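Undergrad: the amino acid sequence is not available; the structure is as follows:
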């Protein structure tokens, strides 16, 4: 890692602590001025909590460039920790965990549809994580799957559009989402996802603290 990349990464992290949107804008500036590869190098040096906070402050209407250029494994890891941010969001009211997940998945899968191979790799990476299938299924608990019209063009940004995109990429994962959504309990799945994310977050903090005591 070059010193320049390290300095840029520190800058992005510092800004992201105050605003994920501003952190994402800095990544856009880096990509615009110095190219996508420099921005990707900077993202690779960010802690996963910062990555999650950046993407949370964007959505399908204004997507983050990070959602388009991050490698699939990083996206899978990011979604593992994203639920640790839900508590503050739910306390404010008006937004549910289902809304949060749908917004994140729509940003990832519905804003850059010109590379289906990469999209399929991202879906695989999410599905292979410990709670990935639960995360993918959460937005669709209570959804009427029988109402999907496979012959009609889905409404942009709708649940149907997201589901049909997933189905077109990996039908077995789509079928697993349908089964999990029909049989799963919303509160139980939400609790599992938050617990998993908080455990990872504690591990991230512990790791950072351990680094403070490493020999110079």
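TA: Right, received. Where do you want to start? Worth saying up front: this structure is predicted, and the values here are computed from it rather than measured.
Undergrad: how about the contacts made by the residue most central in space within the chain?
TA: Using CA atoms, centre = their mean, the residue of the chain that lies closest to the mean C-alpha position is residue 79, 4.3 Å off. By CB atoms under 8 Å, 6 or more residues apart in numbering, the contact set of residue 79 is 52, 104, 126, 129, 132, 135. From N, CA and C alone the C-beta is placed, and that goes for glycine too.
Undergrad: leaving out chain neighbours, which residue sits closest to the last one?
TA: Going back to what we said before, that points to residue 135. Using CB to CB, 6 or more residues apart in numbering and skipping residues adjacent in sequence, the residue nearest residue 135 is residue 79, 5.5 Å away.
Undergrad: which SS class is the one you found?
TA: Taken by DSSP: H, G, I helix; E, B strand; the rest coil, the conformation at residue 79 corresponds to helix.
Undergrad: please shift the residue numbers so they start at 16 in all later answers.
TA: With the count now opening at 16, the last piece we talked about shows up as residue 94.
Undergrad: chain center to stretch 181-196, what's the gap?
TA: Remark: stretch 181-196 is offset 18 Å from the chain centroid, using CA atoms, centre = their mean, to the nearest Å.
Undergrad: mind listing what's buried in it?
TA: Counting neighbours by 16 or more other CB atoms under 10 Å, one finds that the buried residues in stretch 181-196 are 181, 182, 184, 185, 188, 189, 192, 193, 195, 196.
Undergrad: that older thread, pLDDT, neighbour count and distance to residue 169 added to the contacts of residue 94, as a markdown table?
TA: Written out in a markdown table, the entries for the contacts of residue 94 read as follows (pLDDT from 0 to 100; neighbours: other CB atoms under 10 Å; distance: CB to CB, whole Å):
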| residue | pLDDT | neighbour count | distance to residue 169 |
| --- | --- | --- | --- |
| 67 | 92 | 25 | 28 |
| 119 | 94 | 23 | 19 |
| 141 | 96 | 25 | 21 |
| 144 | 87 | 19 | 27 |
| 147 | 95 | 19 | 23 |
| 150 | 97 | 26 | 21 |
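Undergrad: at which residues are the helices of the protein located?
TA: Listed in chain order, the helices of the chain (DSSP state H) span residues 18-33, 35-49, 51-58, 63-71, 80-84, 87-96, 101-107, 112-124, 131-143, 147-152, 174-184, 186-198, 201-227.
Undergrad: so where is this structure shaky, pLDDT-wise?
TA: 16, 104-109, 218-231 (pLDDT under 70).
Undergrad: isn't residue 83 up against residue 129?
TA: No: contact between residue 83 and residue 129 fails when scored by CB atoms under 8 Å: they sit 10.0 Å apart.
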